[in-house]
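In: 3D model of this:
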Amino acid sequence: MKFTLQQKDKNSNARAGLIETAHGNIETPIFMPVGTAGTVKAVQQRELINDVKAEIILGNTYHLYLRPGTDLLKNAGGLHSFMNWKKPILTDSGGYQVYSLAHRRKIKEDGVKFSSHIDGSKHFFSPENVMDIQRIIGADIVMAFDECTPFPCEWSYAKKSMYLTHRWLTRCCSHFDKTEPHYGYSQSLFPIVQGSVYKELRKESAEVVASFNREGNAIGGLSVGEPDEIMYEMCDLVCSILPDDKPRYLMGVGTPANILENIALGIDMFDCVMPTRNARNGMLFTSEGIINIRNEKWKSDLSPIDVSGTCYVDTAFSKAYLRHLMVSKEILGAQIATLHNLSFYLWLVKEARKHILNLTFGEWKTKMVKQVSQRL
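Out: Model prediction:
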């Protein structure tokens with residue numbers, strides 16, 4: 001993997017860059033649709049490419065390990081071949097699932113014992129076998145195994161957890177570097193900065209992560225319920241420490257406003273289930289603000305979903321038609337809403353990139369944050 005920093009904004013830390021991988025190039029800043037189990041819900045791969053304009057998607061190590069399983073993935077030639085996706089893939093390590101399955105797991109120094117949410121069967125994740133699993137999945141970018149702390153979290157636990165994440169990172173890197181990719185192309189390992197909402201811990205973790213000198217770096221544990229202002233404060237601090245010449249990935253974030261504010265702080269890569277999950281419940285993100293398409297006010301509104309025409313579905317379907325589909329529980333409603341939200345998120349980061357390259361990002365960002373945050 002190669003990262004080229006192409007432009008920095010004159011009034012903020014926003015950056016435009018290019019990530020080159022074996023499965024294609026990624027222009028940053030970028031949003032990655034979440035394809036947890038080898039599928040972005042309600043969207044076919046051809047729609048991700050032709051309509052959403054996705055450049056990279058995210059898969060989930062925990063879910064793919066449980067189902068369909070590593071044997072089938074290996075026989076298929078990896079996730080790219082299994083799901084017929086020819087562009088880059090990033091896989092998270094399962095660390096967030098360890099966090100979210102608190103009642104089903106036990107964390108020790110050697111790794112994590114957990115029960116499957118599917119059938120209750122017992123499993124074990126270690127830094128080493130998580131690297132092996134991600135080798136088999138075959139993602140272009142793989143994440144180090146970490147522990148994601150909850151919010152709120154006591155300082156003493158956050159510190160203990162951070163040091164465990166750092167020890168696991170050493171083991172991840174050692175094992176990853178001793179193994180080879182399965183499918184004839186290179187993979188890159190990103191460490192993850194932890195430390196909850198404590199400045200001194202985030203600073204120490206960012207310094208440790210930077211010292212490993214991997215091809216990119218990630219920031220975790222900042223989409224677990226903390227106020228936005230604290231998220232921004234932590235990201236600003238961490239971005240001031242992580243090297244400029246490597247991509248920075250903020251995991252699990254977030255709303256359109258969150259993405260714009262974090263781009264301004266120096267973040268390059270994002271993922272979040274919000275555009276797909278909220279779409280299935282009738283919440284649409286547009287350039288003018290947020291729409292609950294189920295509301296009665298849209299019942300007879302024959303105007304396009306987004307008046308600015310940012311997304312492919314805007315000129316094809318009206319608000320009234322989409323509302324009709326959603327209240328009628330038609331599957332097409334979830335599909336159109338999902339395509340719209342993902343298209344909007346990709347449009348938003350591409351517009352941000354355009355303004356960074358033109359040195360007009362700051363003024364545009366201020367205007368857009370207000371617009372995309374209002375309820376319509």
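In: helices of the stretch 51-200 of the chain, start to end?
Out: 61-66, 70-76, 79-83, 95-100, 127-137, 155-178, 199-211 (DSSP state H, counting those that start in this stretch).
In: which strands and helices lie in contact with the shortest one?
Out: Looking back up the chat, that one is helix 79-83. In terms of contacts (3 or more CB pairs under 8 Å, 6 or more residues apart in numbering; DSSP states H and E), helix 79-83 is packed against helix 70-76, strand 89-92. C-beta: built from backbone N, CA, C; applies to glycine.
In: pretty sure residue 217 contacts residue 190?
Out: Yes - applying CB atoms under 8 Å as the test, residue 217 and residue 190 come out as touching, 5.9 Å apart.
In: how's this structure carved up into domains?
Out: 2-272, 273-376 (automatic domain parsing).
In: okay, those domains in a markdown table with mean neighbour count next?
Out: Output for the domains of the chain, formatted as a markdown table (neighbours: other CB atoms under 10 Å):
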| stretch | mean neighbour count |
| --- | --- |
| domain 2-272 | 19 |
| domain 273-376 | 18 |
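In: okay, those domains in TSV with mean pLDDT next?
Out: Below are the domains of the chain laid out as TSV (pLDDT from 0 to 100):
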stretch	mean pLDDT
domain 2-272	96
domain 273-376	93
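In: closest to residue 52 out of the helices of the stretch 51-200 of the chain?
Out: helix 79-83 (15.2 Å; CB to CB).
In: dump the closest one to CSV, restricted to CA.
Out: The C-alpha coordinates for helix 79-83 follow below in CSV (Å, rounded to 0.1, in the frame of the first residue of the first chain):
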residue,chain,number,x,y,z
LEU,A,79,-13.6,-12.3,0.4
HIS,A,80,-13.0,-10.4,-2.8
SER,A,81,-13.7,-13.5,-4.9
PHE,A,82,-16.4,-14.9,-2.6
MET,A,83,-18.5,-11.7,-2.9
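In: the residue nearest the centre of the chain: what's it in contact with?
Out: The chain has residue 271 as the residue nearest its centroid, 1.8 Å off, counting by CA atoms, centre = their mean. Residue 271 is in contact with 31-34, 58, 90, 251-252, counting by CB atoms under 8 Å, 6 or more residues apart in numbering.
In: let's see 6 Å
Out: 32, 34, 58 (CB atoms under 6 Å, 6 or more residues apart in numbering).
In: now it, nearest residue through space, not along the chain?
Out: residue 32 (4.3 Å; CB to CB, 6 or more residues apart in numbering).
In: now the one you found: phi and psi?
Out: Main-chain dihedrals, residue 32, degrees, to the nearest 10: phi -110, psi 110.
In: so who does it touch?
Out: Taking CB under 6 Å, 6+ apart, one finds 56-58, 271 in contact with residue 32.
In: residue 196 versus that one, what's the distance?
Out: 24 Å (CB to CB, to the nearest Å).
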